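Student: pasting the sequence and the predicted coordinates here, then a few questions.
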Amino acid sequence: MRENDPLMAGLVPEPDRRVRMLLESGRPNAAGLAFKRLIANGADNVDGQWDPCVVLVHRAYLAWRLDRIPLALDLVAEGWTGLDVDRPQGGAAAQALGMLGDLLQAVGHHDAARELIAQSVQVARRCGDPGVLAHCLEREANCWQLQAMNADGTADECFRTALELFDEALSLASPGQVRDRVQAGSARALAALGNLAEAESRAVQALTAGEEVQDRYTSAIANWVLAEIRRHQGRLEEARTFACRAVETAEWIRDTRLRMRFSLALTTICRELEDAAGEVAALRSLVAASRTAMRALQVGLGQAVEQRRTAIQAQRQESAAQQDARRDPLTGLLNRRGVASAADQIAVRWLVVLDVDDFKEINDTAGHAAGDAVLRELAQLLRRECRSDDLVCRWAGDEFVVLLAEPGTDGPALAERIRAAVEAHDWTPQLGPRARPPTISVGVAAGPTDFGPLFADADRALYRAKRAGRNRIEVESDQPLPPAPT
C-alpha cells in the first residue's frame with residue numbers, strides 16, 4: 001500500500017498506521033508482530049500530541065482484526081469513555097465515532113452502529129476536512145448497503161441512498177485507499193440498481209488500483225462486485241472465479257464479515273453452476289468464518305459478563321464500605337454518622353438517649369473486655385425492646401440513641417421498658433456473679449423537630465436523670481412520666 005496514503009494520516013501515529021497498512025495488504029502475521037511491538041509499553045499508552053480517544057479506538061479496531069478480542073473490548077471501552085459523545089467536534093472525533101460504528105457493526109449491533117456512523121458524518125461536515133468527510137460518508141454508505149441486503153421491499157431505496165453518499169464521497173476523496181474503497185462500494189450499489197456497465201467500470205478501476213498498491217481490502221470488494229455483475233450477466237464461470245478471489249482475499253486480510261458475505265455469494269454461484277465440490281468448499285469457508293465470528297462474540301460475551309460481575313462486586317464492596325462507615329464495629333448498631341444521616345430522611349416523633357450508669361467503674365473493676373461485653377449485650381437488649389422500624393444507634397462510648405418515627409409511638413413508655421429490661425437482666429455471663437449489675441439513665445424528647453435541637457433536649461433530660469440519682473428516665477416535654485421504679 002501507499003506509504004503516503006491519506007487514510008488516518010495526522011490522526012494516529014505512524015506505527016499504528018503501519019499495522020493497518022500491513023493488515024489491508026494481506027500480511028496478518030507481519031501486522032501481528034508490528035502490533036505486538038506497538039503495544040509493548042501498554043496498549044493504552046498514547047503520546048500527548050495525539051487524541052487518545054481516536055488512537056485507542058483505532059487500536060481496538062486493529063486488535064479486533066487480529067483476533068485480540070479481549071484487548072479490543074478494553075480499548076474500545078476506554079476510547080469510547082473518553083469521547084465527548086454529546087458534543088463531539090473536529091475530524092478526530094468524527095473518525096473515532098465512525099470506527100466505533102464499524103466495531104459495533106462487526107458484533108452485529110447494527111442500529112447503534114448506524115447512529116454512531118451517521119453522527120460521525122454530521123461532525124465531519126462541521127469540521128470542514130474533505131478527506132475525513134469522504135471516509136465517514138463511505139462508512140455510512142456501506143451501512144445503507146448492508147441494510148439493503150437484509151431488506152425486502154426497500155432494498156432499491158437503500159441502494160440509491162448508498163449511491164448518493166458514495167458519489168458525494170467520490171467528489172471529496174483524494175487519491176488513495178478511501179477513494180478506491182468508495183469506487184468499489186459504489187460499483188456494488190450501481191450493480192444492484194441495474195447499471196451494470198457503470199458498475200463494471202468502477203469495479204475494474206478499483207480492482208486495478210487495489211492490485212497496484214496491494215490494498216487487499218479494496219481488491220476483495222471489487223472482486224465480489226465483479227462476481228455479482230457476472231452472475232447477473234449469466235457468465236457464471238467468470239463469476240465463480242471472481243468470487244473465489246474475493247473469499248481468498250477476505251481471508252488474507254482477516255475480515256470475517258467480508259469472508260462470510262463473499263462465501264455465501266460463492267455458495268450461490270456454485271449451486272447455480274451445479275458445482276457440488278465448489279459449493280461444499282464455499283460452505284466450509286462460510287462455516288469457518290461463522291465460527292470465527294461466533295468465537296469472537298463468545299469471548300466478548302464472556303468478558304462482558306466478567307466485567308459485569310466485577311462491577312457488581314465493586315458496587316457491593318463500596319456499598320459494604322458505606323455500610324461499615326455507618327455501623328459501630330463493636331455492637332453492629334448504627335453509629336453517629338449512620339443515625340444522623342437516617343434522621344434527615346424521617347420525621348422523628350421521639351428521641352431517646354441513654355447511657356450506662358457508672359460505666360467507668362465496670363471497666364476499672366471487671367476490665368475493658370467485660371465492658372465491651374456489657375455494651376454488646378445492651379445493644380441486643382435494645383434490639384429486642386425496640387420495633388424493627390425504630391433506629392437504634394451507639395452514639396459514643398456507653399451512650400446509645402433510639403429514634404422513633406412511627407405515629408402513635410410512646411417514647412417515655414419505651415424508655416421505661418428499656419430501663420426495666422436492663423435492670424432485670426442477668427449480667428452474670430458478662431460480669432460474673434459478684435459484680436454489681438449495670439443500670440441505665442434515660443433522657444427522652446418529643447418531636448417532630450430537627451435532629452440537632454431534639455438531641456439537645458433529650459441530652460438535657462438524660463443529665464437530669466443522672467443528677468436525680470440514676471437508673472431512671474426524664475422527659476423533656478409536657479408528656480407525663482411513667483411511674484418511677486420502686
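Tutor: Nice, thanks for sending it over.

Student: tally of neighbours for Asp450?
Tutor: Per other Cβ atoms under 10 Å, the neighbour tally for Asp450 reads 12. Placement of C-beta: from N, CA and C, glycine included.

Student: ditto for His232
Tutor: 14.

Student: for Ala282, same thing?
Tutor: Ala282 has 25 neighbouring residues, counting by other Cβ under 10 Å.

Student: residues contacting it?
Tutor: 243, 247, 263-264, 266-267, 270 (Cβ atoms under 8 Å, 6 or more residues apart in numbering).

Student: sec struct for Met21, please.
Tutor: helix (DSSP: H, G, I helix; E, B strand; the rest coil).

Student: ok, it to Ala92 distance?
Tutor: Plainly put, Met21 is 20 Å away from Ala92 if you go by Cβ to Cβ, to the nearest Å.

Student: ok, back up a step: which of the contacts of Ala282 count as buried?
Tutor: Neighbour-count burial (16 or more other Cβ atoms under 10 Å) applied to those gives 243, 247, 263-264, 266-267, 270.

Student: excluding chain neighbours, what is closest to Asp51?
Tutor: Distance criterion Cβ to Cβ, 6 or more residues apart in numbering; nearest residue to Asp51, sequence neighbours excluded, is Ala92 at 4.2 Å.

Student: right, and the helix or strand after the host helix or strand of the one you found?
Tutor: Following DSSP states H and E, one finds Ala92 within helix 90-106. Heading C-terminal from helix 90-106, the first helix or strand you meet, by DSSP H and E, is helix 110-127.

Student: could you list the low-pLDDT ranges of the stretch 1-150 of the chain?
Tutor: Along the stretch 1-150 of the chain, the model assigns pLDDT under 70 to residues 1-7, 84-86.

Student: ok, which stretches of it are helices?
Tutor: Using DSSP state H, counting those that start in this stretch, the helices of the stretch 1-150 of the chain run over 14-24, 28-38, 52-65, 69-82, 90-106, 110-127, 130-149.

Student: would you convert these into a markdown table that also reports mean neighbour count and distance to Leu354?
Tutor: As requested, the helices of the stretch 1-150 of the chain are arranged in a markdown table below (neighbours: other Cβ atoms under 10 Å; distance: least, Cβ to Cβ, whole Å):
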| stretch | mean neighbour count | distance to Leu354 |
| --- | --- | --- |
| helix 14-24 | 21 | 69 |
| helix 28-38 | 17 | 68 |
| helix 52-65 | 24 | 58 |
| helix 69-82 | 19 | 51 |
| helix 90-106 | 24 | 61 |
| helix 110-127 | 19 | 59 |
| helix 130-149 | 23 | 70 |
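
Student: so which of the ones you listed is nearest Gly371?
Tutor: Nearest to Gly371 among the helices of the stretch 1-150 of the chain is helix 69-82 (51.5 Å), distances taken as Cβ to Cβ.

Student: roughly how far apart are Thr81 and Arg20?
Tutor: Distance from Thr81 to Arg20, by Cβ to Cβ: 23 Å.

Student: oh, I was asking about Thr161
Tutor: 28 Å.

Student: next one: Glu157
Tutor: Here Glu157 is placed at a distance of 33 Å from Arg20 (Cβ to Cβ).

Student: also Val107?
Tutor: 20 Å.

Student: next up, the contacts around the residue lying closest to Leu196 once chain neighbours are set aside.
Tutor: Nearest residue to Leu196 in three dimensions, chain neighbours excluded: Ile229, at 5.5 Å (Cβ to Cβ, 6+ apart). Counting by Cβ under 8 Å, 6+ apart, Ile229 touches 191, 196, 199-200, 203, 239.
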